[in-house]
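Engineer: missing the sequence, but the structure's below:
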C-alpha cells in the first residue's frame, strides 16, 4: 500500500508537508497542495482511515460543507437536508473552512453535500476516488461516487432577463456574484446569451458579492451615471435588497427610475415595497433532494443527478417603460 512517505519521496518534500496537504492544513501553499494531491491520485494513495472504513464502519452522520452561512438563503436549504436525513436515520453536521475537509478523509462522516468553493474539483475527485460519497450543489463533476443536484440557474437568469426586455427596457445592468461562484457564472452566461439574442441593447456588468453591501455599491454606480430608467438584474436577492436600501434616502424610486429583479425569493422579498420581482425555487426541496440522493448513493440504490427547477415571480419593482 502506498504511504505518505512514498508521496514525499517522489516530490522531495517532508512527510509532514504531505500530511498537511492531504488534511487541508493552511500551512502549505495552494500550489504545493495541488502538486501533492496530483501525485497522491497518480499513486492511488488511500489513507489508513479510509482503508479501515472498508469494514463497513458507519457513523450515520452526513456533512454539509458550506463556504459561509451568511444571508437568508441557507436556513431553508439546511432544514430540508436535516428533515430528509432524520427520516432516514442520519444526522447532519455543518462544516466550513479548509480544516473541516479532513472529516471526509478521516471517515468522520459517511458522505458529504458540498456547496463550498474552498473545495477544488481535484480534491473532490480524489475523495470520490477513495470511495467517499458526495453530492455537489455548486459544480459539474463526473464520477460514479459523485451526484450533481444543481439549480437551474440558466433558466432562471433567462426568465429574469427576458422579463425586463419584455417590459421595454433597453438599458440593462447585471450585478454579479463573487468571482469563482458556479451559480453566478451560470446565471451570467444566460444573461449574456439573452442580451445577445435581443441586440441591440445597452448592457453592463457590475461586480458583486451576493451581499447587501455590494448591491448598494452597484446602485451608487448606476445612479452616478443615471440618464434615464434602467433595468437591474441582481444575481441574488441579497444584492437586490442592497439596491433598495441605497435608494431609500434618495430622490430615485424602485419601479420608476431603477427596475430591479433578484434571484432566490428570500422571505424579505415579499415584504419590501414595491414588491421585488425574483426567481423562485424551493431551497428546502433542494436540500431534501440532495440528502435523498446522497443516502441512495451511500446505500448503492441508484442515485441520480437532479435539476431543481425555477420560476419567475413578477413584482412591482419592474414596470413597463
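Structural biologist: Perfect, I can see it now. Note that this is a predicted model, so its numbers are computed, not measured.

Engineer: who's in contact with stretch 15-32?
Structural biologist: Under the criterion C-beta atoms under 8 Å, 6 or more residues apart in numbering, residues 4-5, 7-8, 11, 13, 33, 36-37, 40, 47, 98-102, 105 lie in contact with stretch 15-32. The way it works is simple: take the backbone N, C-alpha and C, and place the C-beta from them, glycine included.

Engineer: Drop everything from the residues you listed that is not in helices and list the rest.
Structural biologist: The helices, defined by DSSP state H, take in 4-5, 7-8, 11, 33, 36-37, 40, 102, 105 from the contacts of stretch 15-32.

Engineer: which of those residues count as buried?
Structural biologist: Buried members of these, scored by 16 or more other C-beta atoms under 10 Å, are 4, 7-8, 11, 33, 36-37, 40, 102, 105.

Engineer: Pull the contacting residues for residue 215.
Structural biologist: Applying C-beta under 8 Å, 6+ apart, we find residue 215 in contact with 175, 208, 234, 238-243, 245-246.

Engineer: Got phi/psi on it?
Structural biologist: With angles defined as degrees, to the nearest 10, residue 215 sits at phi -70, psi -40.

Engineer: ok, and the closest non-adjacent residue to it?
Structural biologist: The shortest distance from residue 215 to any non-neighbouring residue, by C-beta to C-beta, 6 or more residues apart in numbering, is to residue 242 (2.4 Å).

Engineer: Now name the helix or strand holding the one you found.
Structural biologist: Taking DSSP states H and E as the definition, one finds residue 242 inside helix 237-247.

Engineer: now for that helix, which elements pack on it?
Structural biologist: For helix 237-247, the contact count by 3 or more C-beta pairs under 8 Å, 6 or more residues apart in numbering; DSSP states H and E identifies helix 212-224, strand 230-234, strand 258-263 as packing neighbours.

Engineer: Now the second one: average pLDDT?
Structural biologist: Summarised as a single mean, pLDDT over strand 230-234 is 98.

Engineer: Now do it against helix 237-247, angle only.
Structural biologist: Calculated by axes from the mean of the first three to the mean of the last three C-alpha atoms, to 10 degrees, strand 230-234 forms an angle of 140 degrees with helix 237-247.

Engineer: begin at 57 from here
Structural biologist: Yep, numbering from 57; the last one is strand 286-290 now.

Engineer: and strand 286-290, which strands flank it?
Structural biologist: Using DSSP bridges, the strands paired with strand 286-290 are strand 227-231 (parallel), strand 314-319 (parallel).

Engineer: could the ones you listed be laid out in a markdown table, adding mean pLDDT and mean neighbour count?
Structural biologist: Listed next are these as a markdown table, based on pLDDT from 0 to 100; neighbours: other C-beta atoms under 10 Å:
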| stretch | mean pLDDT | mean neighbour count |
| --- | --- | --- |
| strand 227-231 | 98 | 24 |
| strand 314-319 | 98 | 28 |
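
Engineer: now those strands as JSON lines including distance to residue 193?
Structural biologist: Below are these laid out as JSON lines (distance: least, C-beta to C-beta, whole Å):
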{"stretch": "strand 227-231", "distance to residue 193": "22"}
{"stretch": "strand 314-319", "distance to residue 193": "15"}
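
Engineer: Which of those sits closest to residue 174?
Structural biologist: Comparing these by their distance to residue 174 (C-beta to C-beta), the top pick is strand 314-319, with 22.9 Å.

Engineer: Follow the chain on from the closest one and name the next helix or strand.
Structural biologist: Next along the chain after strand 314-319, taking DSSP H and E as the criterion, comes strand 333-336.

Engineer: returning to that earlier point: taking the mean pLDDT, what do you get for the helix holding residue 298?
Structural biologist: In this model, helix 293-303 has a mean pLDDT of 98.

Engineer: which outside residues touch it?
Structural biologist: 127-129, 231, 264-276, 279, 288, 290, 309-310, 313-314, 316-322, 324-325, 328, 332, 334, 373.

Engineer: My read is that residue 360 contacts residue 349, right?
Structural biologist: Yes. Counting by C-beta atoms under 8 Å, residue 349 is a contact partner of residue 360 at 6.8 Å.

Engineer: shared neighbours of these two, anything?
Structural biologist: Common contacts of residue 360 and residue 349 (C-beta under 8 Å, 6+ apart): residue 203.
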